[in-house]
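Trainee: Curious how this folds, go ahead:
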Amino acid sequence: MIAFGPVPSRRLGRSLGVNNIPAKHCTYSCTYCQVGRTHGTEIERRAFHARDAVVAAVARKLGECRARGEPVDYITLVPDGEPTLEIDLGGMMRELRHLHVPLAVITNGSLLGRQDVRADLAEASLVSVKIDTAEERTWRRLNRPHASLHLAEILEGLRDFATSYRGVLLTETMLVAGVNDADADIDATVTFLAELSPARAYLAIPTRPPADRAVRPPTRTVLTRAVQRLARVLPRLALLTEDEAGPFAQTGDPIDDLLAILAIHPMREEAARAYLAASTIGAEGLDALLAAGSVMRCRYRDRTFVRRARPTPHGPE
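Mentor: Below you'll find the model as predicted:
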């Protein structure tokens, strides 16, 4: 399903998601990714979905939301992969603007060294960019990028984009214990973020099951110290350390809607059961999905989550 939600977003309010990239086509294979590993990173932009199909799917879902009185604050390109790999991204957003809802893109920023990518992202009302570190060695360990990418080029592209972009620029930094939470790493990240002067800088910790089971959030002491160092330079700092608050919307078939959400956004099992309990399906519908292998359970930090199951491809990491 190309369009899903709306879902509660800690950054964007009620976000109608657009999954414009098929499963796990990405430039990175981040250790903390909530939708699993990328089996074979890629950097070549190409067409994934026809523009008309994406726009029609979003318009249809938006119509369903309005019919049910579901508010939508943003139409957000937040796919199961990296949205800027779509070569027609700019054209899609120009068409989506006709729906008269602000457009957001959540990107890892890895292709912002390219002028065409910067031009496409300029079409968005809001862009949220991942910046987990400004240190090359840490970046390769944490984000596991495509071998041909270089952090210095990405950071320079981010500087260029921040200078020219006329929309709302957000940044997000994920802190992982023992990887990018040392004082030296934090200081380098703070220095770079200060150059960008984002409208808001978000500091996140892993809250959902990560691709690498060894991933853990920093200790409270380390997190507090990081917040203090960031806040001194970035007055518009916000924390993403808890799950989103608010209900997940239903606009069509409850099973289809839930599966579309779970492909991008793992949910706590109790939240998924409550989602189906509020429909004609009932909470026991989740048991049927589990038995059929459509969804799977996973544990993280003493919580049980469910996520969309997918076959694991074979190939280079």
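Trainee: Number of residues surrounding the nearest residue in space to Pro210 that is not next to it in sequence?
Mentor: The spatial neighbour of Pro210 that comes closest, neighbours along the chain excluded (CB to CB, 6 or more residues apart in numbering), is Tyr32 at 4.3 Å. (Each C-beta comes from the backbone N, C-alpha and C, glycine too.) Other residues near Tyr32 come to 23 when the count uses other CB atoms under 10 Å.
Trainee: looking at it, Tyr32 is touching Met174, isn't it?
Mentor: Yes. In this structure, Tyr32 sits in contact with Met174. The criterion is CB atoms under 8 Å, and the distance is 5.8 Å.
Trainee: Find the residues that touch each one of these two.
Mentor: Taking CB atoms under 8 Å, 6 or more residues apart in numbering as the contact criterion, the common neighbours of Tyr32 and Met174 are 142, 206.
Trainee: The residue nearest to Pro210: what secondary structure?
Mentor: Assigned by DSSP: H, G, I helix; E, B strand; the rest coil, the conformation of Tyr32 is coil.
Trainee: can I see the domain layout of the protein?
Mentor: Following automatic domain parsing, one finds the domains of the chain at 3-252, 267-310.
Trainee: Out of the ones you listed, the one nearest Ala260 is which?
Mentor: Distances from Ala260 to each of the domains of the chain were compared using CB to CB; the minimum, 3.6 Å, belongs to domain 3-252.
Trainee: chain center to that closest one: distance?
Mentor: The chain centroid and the centroid of domain 3-252 are separated by 5 Å under CA atoms, centre = their mean, to the nearest Å.
Trainee: follow-up on the earlier one: now render the domains of the chain as TSV, adding mean pLDDT.
Mentor: Shown next, in TSV, are the domains of the chain (pLDDT from 0 to 100):
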stretch	mean pLDDT
domain 3-252	91
domain 267-310	81
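Trainee: Just name the most buried of those domains.
Mentor: Among the domains of the chain, ranked by average contacts under mean count of other CB atoms under 10 Å, first place goes to domain 3-252 (a mean of 19).
Trainee: and the domains of the chain as TSV, adding distance to Ile261?
Mentor: Conversion of these to TSV gives the following (distance: least, CB to CB, whole Å):
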stretch	distance to Ile261
domain 3-252	5
domain 267-310	7
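Trainee: Ok, which of those domains comes nearest Leu258?
Mentor: Closest to Leu258 of the domains of the chain, according to CB to CB: domain 267-310, at 5.9 Å.
Trainee: Would you map the helices across the stretch 201-317 of the chain?
Mentor: Counting by DSSP state H, counting those that start in this stretch, one finds helices in the stretch 201-317 of the chain at the ranges 220-233, 254-264, 269-277, 285-292.
Trainee: Could you say which one of the ones you listed comes nearest to Ala134?
Mentor: Distance to Ala134, taken as CB to CB, is lowest for helix 220-233 among the helices of the stretch 201-317 of the chain, at 12.9 Å.
Trainee: Tabulate the CA atom coordinates of the closest one in PDB.
Mentor: Listed in PDB are the C-alpha atoms of helix 220-233, where the atom choice follows Å, rounded to 0.1, in the frame of the first residue of the first chain:
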ATOM      1  CA  ARG A 220      20.400   8.200  31.500                       C
ATOM      2  CA  THR A 221      23.600   9.900  32.600                       C
ATOM      3  CA  VAL A 222      25.100   9.900  29.100                       C
ATOM      4  CA  LEU A 223      21.800  11.100  27.600                       C
ATOM      5  CA  THR A 224      21.600  13.900  30.100                       C
ATOM      6  CA  ARG A 225      25.100  15.000  29.300                       C
ATOM      7  CA  ALA A 226      24.400  14.900  25.600                       C
ATOM      8  CA  VAL A 227      21.300  17.000  26.000                       C
ATOM      9  CA  GLN A 228      23.200  19.600  28.000                       C
ATOM     10  CA  ARG A 229      26.000  19.800  25.300                       C
ATOM     11  CA  LEU A 230      23.400  20.100  22.500                       C
ATOM     12  CA  ALA A 231      21.200  22.600  24.200                       C
ATOM     13  CA  ARG A 232      24.000  25.000  24.800                       C
ATOM     14  CA  VAL A 233      24.300  25.500  21.000                       C
END
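Trainee: Which parts of the stretch 101-250 of the chain are strands?
Mentor: Counting by DSSP state E, counting those that start in this stretch, one finds strands in the stretch 101-250 of the chain at the ranges 103-107, 126-130, 168-174, 200-204, 237-240.
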